[in-house]
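# give me the fold of what follows.
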Amino acid sequence: MQVFLGDPRRFALPGCALTIGNFDGVHQGHRRMLEKLRQEAQARALPTALLTFEPHPREFFSRTKPPARLSTLRDKFVLLRELGLVDYVFVYRFNHSFANMTAADFVDQVLVEQLQTRYLLIGDDFQFGAGRQGNFRLLADCRHFATEAMPSVLVQGERASSTLVREKLAAGDLPAANALLGDIYRISGKVMHGKKLGRTIGFPTANIHLPHLKPALQGVFVVEADTPHGRLGGVASLGLNPTVSDTPDYKLEVHLFDFAGDLYGQRLTVRFLKKLRDEARYDDLATLVAQIERDAASAKTYLTSLQREQA
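Predicted coordinates:
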């Protein structure tokens, strides 16, 4: 899979079978679409391509209250590579100029001239261009490529969408979110230096940098983390940490069991297995430590039962 930023004409790429979207989380609906795209591309002897945007258009139009993002751009690339269904990813910067582009100009300049689209697969609710005036009919009328709409994908009777995944995660319903995703929900990031309070109370934590303002889920969780030392079990807090912090910044802090090494600067991928509880503010540090001990014990019990099931 190759990734291209901006206008790809300088790379002299061939025509492609294209789909368009943010693909946040790369959920089951996205996966079925990419499978369909690969089938159609093979029938036409074309490479598959995805056009996506950074930032997310909803982030651009709602800068003060952006929606929670399921995956960073880097994590999106990882998920797409794991699927092995996309040959090219084109990342276009979503700015004022792009937002004001008419639907007709988007078709002529981006789809035809820049991306050399030969086949286009879109979602059944896809709209585009300034004022969202572009639709399936406009695309179907274009003589340069064939256009097809992908019907909605249902998972457990509900339409798979990034919005629904966010709702399930926000509600702490990890099983439902994972069913929609087709995988265990995960976040990756580099371990940064923090206040180092955890080591003073017997629970050292890896503080994971969160590049976006608001995570899709909050609370205390049983987790597994993929580290340079292998996959390790632990307990994690994701939120504002109100007992010891008064800043509006969200924090992901992971305590790994039976590990005492140095992870600063390393990238960890945290897999969220089970929600234990919501965040809470405690009157003093001793009460917080007692709760962390209970959380750690619950997490260890869950991980042990999980290992028995998988044995």
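
# mind checking pLDDT for Thr163?
pLDDT for Thr163: 93.

# can you check Arg199 too?
60.

# tell me which stretches of the stretch 151-300 of the chain form strands.
Under the criterion DSSP state E, counting those that start in this stretch, the stretch 151-300 of the chain contains strands at 154-155, 158-159, 186-192, 206-208, 219-227, 230-239, 251-256, 267-277.

# the first one - what's its average pLDDT?
The one in question is strand 154-155. 94.

# what sits up against that strand?
Contacts of strand 154-155 from elsewhere in the structure, counted by CB atoms under 8 Å, 6 or more residues apart in numbering, are Gln28, Ala160, Ala179, Leu180. (Glycine included, C-beta is placed from N, CA and C.)

# so which of the residues you listed is the most crowded?
When the contacts of strand 154-155 are compared by neighbour count (other CB atoms under 10 Å), Leu180 ends up highest, at 27 neighbours.

# touching, it and Ala160? I think so.
Yes - counting by CB atoms under 8 Å, Leu180 touches Ala160, with 5.3 Å between them.

# any residues in contact with both of these two?
Joint contacts of Leu180 and Ala160 (CB under 8 Å, 6+ apart) are His27, Gln28.

# just give me the neighbour total for Phe259.
So Phe259, with other CB under 10 Å, has 16 neighbours.

# OK, contacts around it?
Shown in contact with Phe259 (CB under 8 Å, 6+ apart): Thr227, His229, Leu232.

# how long is stretch 272-283 from one end to the other?
In stretch 272-283, first residue to last residue: 28 Å (CA to CA, to the nearest Å).

# before we move on, what about stretch 143-161?
30 Å.

# pull out the buried positions in it.
By neighbour count on 16 or more other CB atoms under 10 Å, the buried set for stretch 143-161 is Phe145, Ala146, Thr147, Met150, Val153, Val155, Ala160, Ser161.

# closest to Met1 out of those residues?
If you rank these by distance to Met1 using CB to CB, Met150 comes first, at 20.5 Å.

# who are the contact partners of the closest residue to the closest one other than its chain neighbours?
Residue nearest to Met150 in three dimensions, not counting chain neighbours: Met33, with 5.0 Å by CB to CB, 6 or more residues apart in numbering. By CB under 8 Å, 6+ apart, the contact set of Met33 is Thr19, Leu121, Gly123, Met150, Val153.

# and of the contacts of Phe259, the nearest to Tyr250?
Distance to Tyr250, by CB to CB, is smallest for Thr227 among these, at 21.4 Å.

# how many neighbours does that closest one have?
21.
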